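Asker: I would like to see how this sequence folds:
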Amino acid sequence: MNSPDDFPDGAPVGRDGPAAPTVRRTSSAFGSPGTDSTVRRLDLNDLLVRHQEATFMMRAAGGAMHEAGIDDGDYLVVDRSLTARHGAIVIAAVQGEYRCRRLEQAAGRGGRPGAAALVAADPAVEPIVISEDTPLEVFGVVTFVIKSLA
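Answerer: The predicted model follows:
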């Protein structure tokens, strides 16, 4: 972990020396609501949604993806227009239930994808191996996670 002295921008922190450190002015607040000259309202649709017609919000349930930063109750922004690729976190329909998992695909022959599995971030949860008995039905690709900190 970095110490406060390792931060690349700003004055050194916590050192008393013969010369005072150079002060760099930054704001750690949002300003006054009455001054509207530099602050504009943020629209989460503009920030989080690339394909409006194909984007959905889902709520995560369970802790299988905790190590990937997705916790029980988090909101997931899911884009159905994106192609699921190796390593992407996807929402997939498995035996009638939606699962949030990382898609892992082995390299196949001739540039085609090989065997695939849906893998939880928790190593104690068994991967779901894609086969004829368990076909891969990707609902969409998770693009953002929204957490509640309260």
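Asker: tell me the helix or strand right after the helix-or-strand element of the chain with minimal mean pLDDT.
Answerer: Least confident helix or strand, the chain: strand 113-119 with a mean of 84, by mean pLDDT, DSSP states H and E. Sequence-wise, the next helix or strand downstream of strand 113-119 (DSSP states H and E) is strand 128-129.
Asker: what's the average pLDDT for the very next helix or strand once past that next one?
Answerer: For strand 128-129, the succeeding helix or strand toward the C-terminus, using DSSP H and E, is strand 137-146. Average pLDDT, strand 137-146: 95.
Asker: strand partners (parallel or antiparallel) of strand 137-146?
Answerer: Based on DSSP bridges, the pairing partners of strand 137-146 within the sheet are strand 75-79 (antiparallel), strand 89-94 (antiparallel).
Asker: can you list the weak-confidence ranges in this protein?
Answerer: For the chain, the stretches with pLDDT under 70 are 1-39, 108-114.
Asker: distance to Leu47 and mean neighbour count added to the strands paired with strand 137-146, as a markdown table?
Answerer: The way it works is simple: take the backbone N, C-alpha and C, and place the C-beta from them, glycine included. Below are the strands paired with strand 137-146 laid out as a markdown table (distance: least, C-beta to C-beta, whole Å; neighbours: other C-beta atoms under 10 Å):
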| stretch | distance to Leu47 | mean neighbour count |
| --- | --- | --- |
| strand 75-79 | 10 | 19 |
| strand 89-94 | 19 | 19 |
